[in-house]
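J.: Generate coordinates for the sequence data below:
(one chain, ligands or ions: 1)
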Amino acid sequence: MKPVKGLLFGTAGVPVSTPKKGSIEGIVRVRELGLDAMELEFVYGVRMSDSLAQRVKKVAEEAKVVLTAHAPYYVNLNSPEKEKVEASIKRILDTARVAHKVGGWSIVFHAAYYGEDEPQVVYSRVKESLERIMATLKDEGVEVWVRPETAGGLAEFGSLEEVVGLSEEIEGVLPCVDFAHLHARSVGGYNTYEEIASIFELLEKRLGRECLRNMHMHFSGIEYGEKGEIKHLNLEESDFNYRDLVKALKDFKVEGVIISESPNIEGDALLLKKLYSKARRSKK
Ligand SMILES: [Zn+2]
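T.: You can find the predicted model right below:
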């Protein structure tokens with residue numbers, strides 16, 4: 001996939017201020033707001049007709065809005081039931097196929113639940129399915145980054161180490177880093193400048209500069225407890241240190257797409273974009 005230019009701020013789905021809620025209207029609104037990306041939320045199922053996909057592609061190109069897509073929540077590549085694994089694989093494939101049709105850049109999915117299994121066992125199952133997914137997409141000529149996301153709940157597969165491992169082992173796979181999820185998963189960690197910088201250091205060391213030039217990220221405020229994520233919050237209602245996230249994004253010259261998943265969606269996307277455009281690089 002071709003890298004996008006610079007760091008693009010976007011919304012998880014159609015902005016809340018969009019008068020009529022549809023993908024096309026959402027893209028137009030993203031452009032009006034001065035944002036640069038939108039994530040298509042297929043979280044309850046992948047549905048988009050070919051004719052709509054064609055129009056979405058055209059409107060996004062004209063508006064210069066980069067599209068990403070989020071796969072359905074009902075994915076568990078570690079389900080003990082084989083049909084559920086197959087259905088999960090299909091949901092990820094369908095997300096990638098639609099993303100490709102609309103000229104999208106990257107897709108993200110929540111890979112699995114640990115259930116009763118050891119993390120290493122779950123890792124190898126996820127890896128096996130993901131290898132199949134990538135082989136199928138290659139055969140079909142579907143070009144889009146495929147990204148397991150860092151998960152917010154401790155019952156969910158998706159530590160930073162796990163998604164980095166999959167990215168090292170499988171071509172076409174890179175992590176989707178969700179900063180709120182890492183913060184919740186570590187029950188309050190990944191919140192100082194040093195902790196946030198350590199994420200980028202790790203990615204650069206293990207996956208190279210290429211990874212930092214092609215990042216797909218999520219952020220929001222978050223409420224969490226001892227099991228991790230409880231719910232997303234707006235940045236200013238949360239303890240998330242977004243100011244230092246902005247600094248680290250600058251310092252590490254991170255490029256790609258960063259999507260706001262706050263309840264106010266575009267509110268926090270604009271807040272972060274504004275801070276970012278005023279921030280100065282402090283090192284490197
Ligand atoms: Zn997600």
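J.: going forward, measure contacts between C-alpha atoms and count neighbours the same way
T.: Will do.
J.: who touches Asn264 in this structure?
T.: Taking Cα atoms under 8 Å, 6 or more residues apart in numbering, we find Asn264 in contact with Val16, Asn234.
J.: Tell me if it really is in a strand.
T.: No - going by DSSP: H, G, I helix; E, B strand; the rest coil, the assignment for Asn264 is coil, not a strand.
J.: Look up phi and psi at it.
T.: Phi and psi for Asn264, reported as degrees, to the nearest 10, are phi -80, psi 10.
J.: same check, this time on the one 10 residues further on
T.: Note on Lys274: its backbone torsions stand at phi -60, psi -50 [degrees, to the nearest 10].
J.: how close does it get to Met217?
T.: Applying Cα to Cα, to the nearest Å, the value for Lys274 to Met217 is 17 Å.
J.: between these two, who's got more neighbours?
T.: Using other Cα atoms under 10 Å, the more surrounded residue of Lys274 and Met217 is Met217, with 20 against 13.
J.: Quick check, that one in contact with Ile258.
T.: Yes - contact criterion Cα atoms under 8 Å: Met217 and Ile258 qualify, at 4.6 Å.
J.: which residue ranges form the strands in the protein?
T.: 7-12, 37-41, 66-70, 106-109, 145-148, 176-178, 215-219, 221-225, 228-233, 256-260 (DSSP state E).
J.: can you redo the ones you listed as a markdown table with mean pLDDT?
T.: As requested, the strands of the chain are exported to a markdown table (pLDDT from 0 to 100):
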| stretch | mean pLDDT |
| --- | --- |
| strand 7-12 | 98 |
| strand 37-41 | 98 |
| strand 66-70 | 98 |
| strand 106-109 | 98 |
| strand 145-148 | 98 |
| strand 176-178 | 98 |
| strand 215-219 | 98 |
| strand 221-225 | 96 |
| strand 228-233 | 96 |
| strand 256-260 | 98 |
